[in-house]
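**Q** pasting the sequence and the predicted model now:
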Amino acid sequence: MELLILGGTRFVGRFLTEAALARGHEVTLFNRGNSSIDMFPNVERLIGDRKDNLEALRGRHWDAVIDTCGFFPNIVRQSAEFLKNAVKHYTFISSVSVYNDLTQRVDENSPVSTISSERLEEVTTEGAGPYYGPEYGALKALCEQELETLLPGRVLHIRPGLIVGPYDYSDRFTYWPTRVAKGGDVLVPEGVNRQIQTVDVRDLADWNIRAVEESVTGIFNVSGATYTMGELLETCKSVSHSDANFVWVDNDFLNSNEVGEWKELPLWLKSLHGMFDVNNSKIFTAGFTTRPLAETVIDTWKWDRTRPTDETRKAGLHTTKEAELLQNWFSK
């Protein structure tokens, strides 16, 4: 098959490209050419900007397109208008953040978030993306609606939960394998049996390419494997042969010390616990498979060790703050 990937060099796009090439497909990448320009040297790369420069796509045809970087409905609509007669199948990488209420379990039929027309006009001046502001989920939902209007019955909407694995620069999962590997006392938010869901980016990419081959359409939650926080930490400890000692602290302590959920302590969500309790049954019925957690952990840890030590991490407790918190906890 001839595949067009919008994006294709960072994280999800990177592994989609690898998966497509591994299965013998011909890939074309369309992006601004601002990053990873040496990646995939034998793959055709079209330079442009989906906001205001789609000319490189004109007159071309592909069997399918995978859109990894759609954030604003007006930009997605513009791209889809350009491509609706140039492709047979369209994959849109959306998010479980589309759901209106993630304090509870959701499935593909749960209500999605909305946004006022006034606020929509305000946020669409941000540019083409990426955008991860408060309206992120509502904007993704509108993107899905635009695509169904323009390409009815031809769109695969993938709604991932927390995507993890090598090259995940969000550090929301990466923090834990690396921190546990360092050993010593590790501050952990309470709930050894607290449920976590993550999807390895490679599992997502592999299924996506197979689904394109089979012209699968419709909406699929892709939140991946389910395990507990305790299982994750013990796996991190096992693969790195660490001497880590897990110090489980309660929510009241974290709140009183103004510890930020999600960013400072990744995988700690006080209210949006539904994000880690998404109904995944539809995609598993459609043939989705997950690799062992240990494989994701060790590959993520190995990749993180290749990064410059002075590179700023986007999530996780600073060493100094963790030490102070541990001292406060032990002195209670």
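**A** Everything's here; your move.

**Q** tell me the contacts of Ala56?
**A** For Ala56, the contacting residues are Phe30, Leu46, Ile47, Gly48, by Cβ atoms under 8 Å, 6 or more residues apart in numbering. The C-beta positions use only the backbone N, C-alpha and C, and glycine is treated the same way.

**Q** output the lowest mean pLDDT helix or strand found in this protein.
**A** Ranked by mean pLDDT, DSSP states H and E, the weakest helix or strand in the chain is helix 117-123, scoring a mean of 87.

**Q** and the contacts of it?
**A** Phe72, Pro73, Ile115, Tyr131, Gly133, Glu135, Leu139, Leu142.

**Q** neighbour-wise, which of those residues leads?
**A** Each of these was scored for neighbours by other Cβ atoms under 10 Å, and Leu139 scores highest at 31 neighbours.

**Q** and the helix or strand that that one is a member of, what does it pack against?
**A** Using DSSP states H and E, Leu139 maps to helix 136-150. Secondary-structure packing of helix 136-150 (3 or more Cβ pairs under 8 Å, 6 or more residues apart in numbering; DSSP states H and E): helix 73-83, strand 89-93, helix 117-123, strand 155-160.

**Q** would you mark the buried spots in the longest one?
**A** Spelled out, it's helix 73-83. Pro73, Ile75, Val76, Arg77, Gln78, Ser79, Ala80, Leu83 (16 or more other Cβ atoms under 10 Å).

**Q** out of the residues you listed, which is nearest to Val98?
**A** Nearest to Val98 out of the buried residues of helix 73-83 is Pro73 (Cβ to Cβ; 12.2 Å).

**Q** my guess is that closest one contacts Leu142. True?
**A** Yes. Counting by Cβ atoms under 8 Å, Pro73 touches Leu142, with 3.9 Å between them.

**Q** tabulate the helices and strands packed on helix 136-150 (JSON lines), appending distance to Gly191.
**A** Below are these laid out as JSON lines (distance: least, Cβ to Cβ, whole Å):
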{"stretch": "helix 73-83", "distance to Gly191": "37"}
{"stretch": "strand 89-93", "distance to Gly191": "30"}
{"stretch": "helix 117-123", "distance to Gly191": "34"}
{"stretch": "strand 155-160", "distance to Gly191": "23"}
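
**Q** which of those has the lowest average pLDDT?
**A** Per-stretch mean pLDDT for the helices and strands packed on helix 136-150 is lowest at helix 117-123 (a mean of 87).

**Q** make sure I have this right: Gly274 is in a helix.
**A** Yes. Counting by DSSP: H, G, I helix; E, B strand; the rest coil, Gly274 is part of a helix.

**Q** quick check: it touching Tyr99?
**A** Yes. With contact defined as Cβ under 8 Å, Gly274 reaches Tyr99; the gap is 7.5 Å.
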